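**Q** fold the stuff below for me.
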Amino acid sequence: MTTEALIGLLGILGGASIAALGAGFVQRSARRASERKTAVDRAAQSKALGLETAASARAATRSWELYMELVVQDLAARRAVELGTYDAAIRELLGHVTDALYRLAANESIYTTDRGSRSWAARAGLTEASTRIRGVLLQQHDGAVPAQESGVLLDMVKEAASRMNSHLVGESEGLLGKSMPPYLQVQPAPSMPERASDAPAPLPFEPFWFGVPAPRALQGEDGRLIPLTILDPGIWYLAVGDDGDALVVQTQGGVRGLLRNTNGIQRA
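**A** This next block holds a predicted model:
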């Protein structure tokens, strides 16, 4: 083989090697980019799931707090509270909180080292308050209701709920990487529904939009104590009637029930 032919062959082989190396580099770069995108997507999904779970736990905690306040009010008024109903309600409400805490503990987007101990310490506060009130209910069942208990019990409920909510806000801020924004911005009042031209004469009760100053329980019209949902500040709700000492309320999501605590509500 001549020198010129050998040089040409080496050139061809060198070009092929460079092309192969270039193709391999492109493939590796594309694979790394794909892996980075997958990791980013997985982190975003984990963060979104964590925020949703923390919000669910906060809603369950608010429901627990409001239900406990209703029970304490019944105790203060010496109204009977069915122990079986109480146990079922607490089991359901605290079950939602516990499930959310387990899901938060498994969320890889939160890296706080002492989160587990803080989670279960806050959960223990809810259990302690629930157990304390159950003991009072047992005394009531025996015919003895301590008159001085209601204020102490309410303080215990509020402290336990506040501790849990503070913990959940901290979890949410850990996911967001910043402080949470103000709880809710007041929304413009929705327009009143238009009346049909052939509608009957107006009823004595005139529907109106209103807001609540603090989270309030919306109970079912069947008289059950477990709230249908929680009315939150910053959202407008429609009062569509009255039922003695309660307003008949319909949410913008279509849930209808009774609002018994109307203190401080603000008309639109």
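
**Q** give me the number of residues near residue 104?
**A** By other Cβ atoms under 10 Å, the residues close to residue 104 number 25. In short, each C-beta sits where N, CA and C put it, glycine included.

**Q** do the same with residue 107
**A** With other Cβ under 10 Å as criterion, residue 107 counts 19.

**Q** confirm it sits in a helix?
**A** No - assigned with DSSP: H, G, I helix; E, B strand; the rest coil, residue 107 falls outside any helix and is coil.

**Q** now it, nearest residue through space, not along the chain?
**A** Nearest residue to residue 107, sequence neighbours excluded (Cβ to Cβ, 6 or more residues apart in numbering): residue 50, at 4.3 Å.

**Q** count the neighbours of that neighbour for me.
**A** Quick note: residue 50 (other Cβ under 10 Å) scores 22 neighbours.

**Q** just checking, it touches residue 105?
**A** No - Residue 50 is beyond contact range of residue 105, at 10.4 Å (criterion: Cβ atoms under 8 Å).

**Q** buried stuff in the strand or helix carrying residue 257?
**A** Secondary structure assignment for residue 257, by DSSP states H and E: strand 256-259. Of the residues in strand 256-259, those buried by neighbour count under the rule 16 or more other Cβ atoms under 10 Å are 257, 258, 259.

**Q** return the closest of the residues you listed with respect to residue 139.
**A** residue 258 (28.9 Å; Cβ to Cβ).

**Q** quick check: pLDDT value at the closest one.
**A** As summarised for this prediction, residue 258 has a pLDDT of 92.

**Q** name the nearest residue to it, sequence neighbours excluded.
**A** Residue 258 sits nearest to residue 246 (Cβ to Cβ, 6+ apart), 4.2 Å away.

**Q** does residue 209 count as helix, strand or coil?
**A** Classification of residue 209 using three-state DSSP returns strand.

**Q** pull the number of nearby residues for it.
**A** Neighbour tally, residue 209, other Cβ under 10 Å: 16.

**Q** report the beta-bridge partners for it.
**A** residue 238 (DSSP bridges).

**Q** quick one on the thing from earlier: what helices and strands are in contact with the strand holding residue 257?
**A** strand 216-218, strand 237-243, strand 246-250 (3 or more Cβ pairs under 8 Å, 6 or more residues apart in numbering; DSSP states H and E).

**Q** highest mean neighbour count out of the ones you listed?
**A** strand 216-218 (a mean of 23; mean count of other Cβ atoms under 10 Å).

**Q** parallel or antiparallel, which strands does it pair with?
**A** As assigned by DSSP bridges, strand 216-218 forms pairs with strand 229-231 (antiparallel).

**Q** who touches the strand it pairs with?
**A** Here strand 229-231 makes contact (Cβ atoms under 8 Å, 6 or more residues apart in numbering) with 59, 62-63, 66, 212, 215-218, 237, 249, 251, 255, 257, 259.

**Q** low-confidence bits of this protein, can you list those?
**A** Where the chain drops to pLDDT under 70, the residues are 1-26, 39-41, 43-44, 46, 108-116, 140-148, 175, 178-204.

**Q** in it, which spans are helices?
**A** 3-76, 83-105, 115-141, 149-176 (DSSP state H).

**Q** nearest to residue 267, out of those helices?
**A** Here helix 3-76 is closest among the helices of the chain (Cβ to Cβ), at 22.2 Å.

**Q** one step back: of the buried residues of strand 256-259, closest to residue 157?
**A** residue 259 (19.9 Å).

**Q** what's the burial count for the residue nearest to residue 157 when sequence neighbours are not counted?
**A** Closest residue to residue 157 apart from its sequence neighbours, by Cβ to Cβ, 6+ apart: residue 68 at 4.4 Å. By other Cβ under 10 Å, 25 other residues sit near residue 68.
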